[in-house]
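Trainee: Provided below for reference: sequence and predicted model.
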Amino acid sequence: MPKSLLQRIVPQRIIATATSVLAAATLGLTVVAVDTITAAPTPAQAASSVGGQITRDEVLARARWWIDRYGAIYSQNQADQKPDQDGHPYRPDCSGFVSMAWHLPKSGGGDRSTRTLATFGDTTWLDSLGELLPGDAILGVSYGHVALFEKWVDSSRTQMWVYEEYQPGLEGRRVVKSRSWYESEGFRGLKYNNVTDGVRGNANIYGVLADGRLTFTAVEAATGDRIRGASRSETPLPFAPRAMATLDYNTILFTSTANELWRVDIGTNDGTVTFRTPTRLADSGWSHDLLTYDGSGHLYGIADGVLRRYTVTATKPEITDITGYVTIADGFGLKTLTAAGPDWLLGTVADGRLRSYRIDGPGDWTGSDLRESTWQAFTNLVSPGGGVYFGHQPTSMNHYIDLDPYDFDGADITSTGVIDPSGWTQTLISAQPGTVS
């Protein structure tokens, strides 16, 4: 069993710092600093699979987990392999460590070496170490060592933070290294082709409180961290909203309990939400209980289980700009509805299922269950795109990331947890589409 985290970090990391610097000097390495890592959260389950796509954030999270989990385990013997957080074993030397961080498959029962790491057709050499991005490797084939790049120390790009397993008897570490030393010893940057940039962008989420006031919250899509809001309006809406769809950063469509269609133009949403006098687009005929906009000109609504699609042809649409009404199909008895992308819908069913739909036209659609249970707790479901989903409960918001939102497979959906539980008492919420990639 590994030593307790406290035993390993407090007395041994201090000793390891001094001894590793001395050992590095013997090896001719330039070491500027060694980080005394305190702890890293342990993922309950990896978002990636062995040999599959993996984000840069997950590569670094796996590296941090390994360094924090194990002590002085360095060995070039495959028989001494150690499990990652999913139980998949990897050899505890420099190339085994990078193989673990990248979630690589075995080759002939063993992990890749520094000689073979770049020979499987799934990596790309970088033209310069200056091109390194988080999660790339720095490989010296002739030198016989590889490290994992985390980030540059500063904008000069002369020093970098790396993770590495590097010598018997010493713990793996996070350390600052010199770019010039790497270059002098023939090291090159290496990208694993299955590494993706991951989720980028923020979710802009509007909502309606029980008293009719509007809210605005901005959430970092990759982490689920709230970065703005919730801002609130001082004035309530002049109608009772039934469903809402955000068209862009400052335009929202609503159906009302009186079957009207309204457009609300946002004036400001920083600190206090203000909106201009709402425009009633239609007096009747809009009995939709669910409404969503896909960001590419299509507005979807469900009334009495019938899914309808409209084409929106203006940024600030009048009723004449909402045309092309078609019936997709009936039998859409969903509890929630959102757009995961252009003509891709996502919704939950009262029995707990999470369903995905690709809409090709009237009567032409494909649907599949992503999850079979547990999603019935959400009263609202929204997506800003990029495989990011937010499930809203009466007082909290859950954050999910789907590695491939268009594969009809929910096995790659992971939860990052609950966004801070305050500020989520809205009765309706809707996210601006297409802000996350």
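Mentor: Good, I have the coordinates. Bear in mind that the values here come from a model prediction, so they are computed numbers and not experimental data. Numbers count the residues shown, from 1 in each chain.

Trainee: Give me the domain ranges for this structure.
Mentor: 5-196, 202-431 (automatic domain parsing).

Trainee: Mind jotting down where the helices sit in the stretch 1-150 of the chain?
Mentor: Taking DSSP state H, counting those that start in this stretch as the test, the helices found in the stretch 1-150 of the chain are 5-7, 13-27, 56-69, 94-102.

Trainee: lowest-confidence stretch among the ones you listed?
Mentor: Of all the helices of the stretch 1-150 of the chain, the minimum mean pLDDT falls on helix 5-7 (a mean of 25).

Trainee: Might you list the low-confidence residue ranges for the protein?
Mentor: Scanning the chain for pLDDT under 70 picks out 1-47.

Trainee: which residues of the stretch 201-350 of the chain fall in strands?
Mentor: For the stretch 201-350 of the chain, the strands defined by DSSP state E, counting those that start in this stretch cover 202-208, 213-220, 226-236, 241-248, 251-256, 261-268, 272-275, 279-282, 290-293, 298-303, 306-312, 322-329, 336-341, 344-348.

Trainee: With mean neighbour count and distance to S437 added, can I get the domains of the chain in CSV?
Mentor: To be clear about C-beta, it is placed using only N, CA and C from the backbone, and glycine gets the same treatment. Shown next, in CSV, are the domains of the chain (neighbours: other Cβ atoms under 10 Å; distance: least, Cβ to Cβ, whole Å):
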stretch, mean neighbour count, distance to S437
domain 5-196, 18, 11
domain 202-431, 18, 5
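
Trainee: can you state the direction angle for the helix or strand harbouring S356 and strand 336-341?
Mentor: Applying DSSP states H and E as the criterion places S356 in strand 354-361. Taking axes from the mean of the first three to the mean of the last three Cα atoms, to 10 degrees, one finds strand 354-361 and strand 336-341 inclined to each other by 60 degrees.

Trainee: Neighbouring strands - and their directions - for strand 354-361?
Mentor: According to DSSP bridges, strand 354-361 forms sheet pairs with strand 344-348 (antiparallel), strand 364-371 (antiparallel).

Trainee: Turn those into TSV, including distance to S383.
Mentor: Output for these, formatted as TSV (distance: least, Cβ to Cβ, whole Å):
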stretch	distance to S383
strand 344-348	6
strand 364-371	12
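
Trainee: quick one: which of the ones you listed is nearest G391?
Mentor: Closest of these to G391 is strand 344-348, at 7.9 Å (criterion: Cβ to Cβ).

Trainee: Can I get the closest one in CSV, CA atoms only?
Mentor: C-alpha atoms of strand 344-348 as CSV (Å, rounded to 0.1, in the frame of the first residue of the first chain):
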residue,chain,number,x,y,z
TRP,A,344,-29.4,17.9,-32.7
LEU,A,345,-31.8,17.8,-29.7
LEU,A,346,-31.4,16.5,-26.2
GLY,A,347,-34.1,15.9,-23.7
THR,A,348,-35.1,14.0,-20.6
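
Trainee: what about K191, which SS state?
Mentor: strand (DSSP: H, G, I helix; E, B strand; the rest coil).

Trainee: Settle this for me: it is touching A118, isn't it.
Mentor: No. Look at K191 against A118 with Cβ atoms under 8 Å: they stay out of range, at 9.9 Å.

Trainee: who touches both of those two?
Mentor: Both K191 and A118 are contacted by W125, under the criterion Cβ atoms under 8 Å, 6 or more residues apart in numbering.

Trainee: Surely D197 and R56 touch.
Mentor: Yes. Using Cβ under 8 Å, D197 makes contact with R56 at a distance of 6.2 Å.

Trainee: what's N193 in contact with, if anything?
Mentor: Going by Cβ under 8 Å, 6+ apart, the list of residues near N193 reads D122, T123, T124.

Trainee: Quick check: bridge partners of Y400?
Mentor: Y389, S415.

Trainee: For V418, see how far away it is.
Mentor: Distance, Y400 to V418, by Cβ to Cβ, to the nearest Å: 11 Å.

Trainee: Same question for G341.
Mentor: Taking Cβ to Cβ, one finds G341 at 25 Å from V418.

Trainee: which stretches of the stretch 1-150 of the chain form strands?
Mentor: Going by DSSP E, counting those that start in this stretch, the stretch 1-150 of the chain shows strands at 31-34, 54-55, 82-83, 89-90, 123-125, 137-140, 145-152.

Trainee: Minimum distance to D111: which of these has it?
Mentor: strand 89-90 (5.6 Å).

Trainee: my read: P317 touches W262, true?
Mentor: No. Here P317 does not reach W262: they are 11.5 Å apart, not a contact under Cβ under 8 Å.

Trainee: Give me the common contacts of those two.
Mentor: L253, L281.

Trainee: coming back round to it: just give me the closest of the contacts of N193 to L132.
Mentor: Nearest to L132 among the contacts of N193, with distances taken as Cβ to Cβ, is T124, at 12.3 Å.

Trainee: what's across from that closest one in the sheet?
Mentor: Beta-bridge partners, per DSSP bridges, of T124: K191.

Trainee: List the contacts of it.
Mentor: Neighbours of T124 in contact, by Cβ under 8 Å, 6+ apart: L190, K191, N193.

Trainee: Mind putting those residues into JSON lines with distance to A72?
Mentor: As requested, the contacts of T124 are arranged in JSON lines below (distance: Cβ to Cβ, whole Å):
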{"residue": "L190", "distance to A72": "26"}
{"residue": "K191", "distance to A72": "30"}
{"residue": "N193", "distance to A72": "33"}
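
Trainee: Leaving out the residues flanking it, which one is nearest to V195?
Mentor: G135 (5.2 Å; Cβ to Cβ, 6 or more residues apart in numbering).

Trainee: gap between the two ends of stretch 371-383?
Mentor: 16 Å (Cα to Cα, to the nearest Å).

Trainee: Run through who's touching it.
Mentor: Counting by Cβ under 8 Å, 6+ apart, 203, 205, 335-340, 346-354, 389-394, 398, 405, 410, 413, 426-431, 433 sit against stretch 371-383.
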